[in-house]
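J.: Next come a sequence and a model predicted from it.
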Amino acid sequence: MEIIDYKSFAADCIEELKVLQSQFSEKFDVTHANWFYNQATGLLTFSSDNTELNFKYFEVGSFSPKSETWMWSWHNDYTLENVKETARQIKDFGARVNFAKLTEGYFPSDEFEAWEFAAIATKLTNGIGVYRPVNDDGLQIFLVLTEFIDNQLARRIKNKYIQCGTHAYGRIAFVCQHLNFTTKVGFEESFETFEGMELSDDDDFQAWCDDCEAVRVAEDGWNDKAMEFVKIKVVCEGCYFKMKELNLGTK
Ligand SMILES: [Zn+2]
Ligand SMILES: [Zn+2]
């Protein structure tokens with residue numbers, strides 16, 4: 001087992017983070033920008049008058065000054081898998097070197113320690129900086145930025161998502177007009193899917209019912225007549241897999 005002293009390791013990480021933070025602010029001016037982060041896309045966006053800067057991020061955890069407690073993101077049920085998966089690397093590291101603070105989900109803490117956790121997370125994941133939004137309740141959320149995303153790519157990522165009444169915000173999926181949440185109508189797909197899977201740029205979640213499949217076969221493919229019968233609806237990924245589960249019994 002690796003033997004490291006937590007205090008000196010954390011102090012080193014803090015020093016390294018200070019360097020990263022000053023490099024970051026030299027490169028990107030976000031001091032007067034509005035910020036917005038989205039768990040579904042995993043993007044942190046800074047916007048001012050006519051510029052927008054986007055970064056890939058993951059959430060390290062949050063510090064509550066009210067309760068003086070720290071919670072790792074992987075312990076937080078309100079944080080989406082998408083933005084907390086990477087934080088498990090810190091937990092795994094903590095287990096290897098026996099640092100209890102990196103492996104316990106929730107405990108009394110202070111703001112300085114929270115910065116140490118963020119610094120350790122940055123070091124272990126090769127982050128490019130830390131951003132700490134404070135929400136309306138005063139909760140401090142520590143985000144590690146991992147990558148700058150140019151505006152074109154950011155637009156492409158954001159366009160793949162849709163607002164949903166049930167699931168708040170999810171990836172776009174396409175279903176035929178007949179698929180629904182209450183009646184089984186069959187569930188055909190062009191490729192094997194599962195919820196949360198990575199999709200390549202040209203792939204979409206697409207499903208249609210047994211009737212649509214019969215028309216597709218009769219028409220020998222997706223011609224205008226078949227498409228007219230399908231009448232594609234756009235739903236979110238969560239809704240898509242709810243329909244899949246209803247029809248096939250699995251997600
Ligand atoms: Zn259909
Ligand atoms: Zn939905």
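T.: Great, that's in hand. Ligands and ions are numbered 1, 2, ... in the order given.

J.: quick one: the longest helix along the chain to chain centroid distance?
T.: With DSSP state H setting the assignment, residue counts place helix 6-27 as the longest helix in the chain. Its chain's C-alpha centre lies 25 Å from the corresponding centre of helix 6-27 when counted by Cα atoms, centre = their mean, to the nearest Å.

J.: Ok, stretch 168-183 next?
T.: 21 Å.

J.: does it come close to ligand 1?
T.: Yes - in terms of Cβ under 5 Å from the ion, part of stretch 168-183 sits within range of ligand 1, namely C176, H178. Quick note: C-beta positions are derived from backbone N, CA and C, even for glycine.

J.: One more: stretch 218-237?
T.: No - judged by Cβ under 5 Å from the ion, stretch 218-237 and ligand 1 are separated, with a smallest distance of 5.8 Å.

J.: Which other helices and strands does the helix or strand that the longest helix of the chain is followed by contact?
T.: Along the chain past helix 6-27, the next helix or strand (assigned with DSSP states H and E) turns out to be strand 34-38. Packing partners of strand 34-38 (3 or more Cβ pairs under 8 Å, 6 or more residues apart in numbering; DSSP states H and E): strand 43-48.

J.: Residues of the protein that sit close to ligand 1?
T.: Within reach of ligand 1 by Cβ under 5 Å from the ion, the chain has these residues: C176, H178, W208, C209, C212.

J.: Compute the distance between the fourth one and Q23, please.
T.: Distance check for C209 against Q23: by Cβ to Cβ, to the nearest Å, it reads 54 Å.

J.: higher neighbour count, the two?
T.: Per other Cβ atoms under 10 Å, whichever of C209 and Q23 has more neighbours is C209, with 23 against 12.

J.: ok, now which ones touch that one?
T.: The neighbourhood of C209, defined by Cβ atoms under 8 Å, 6 or more residues apart in numbering, consists of C176, H178, L179, V185, G186, F187, E188.
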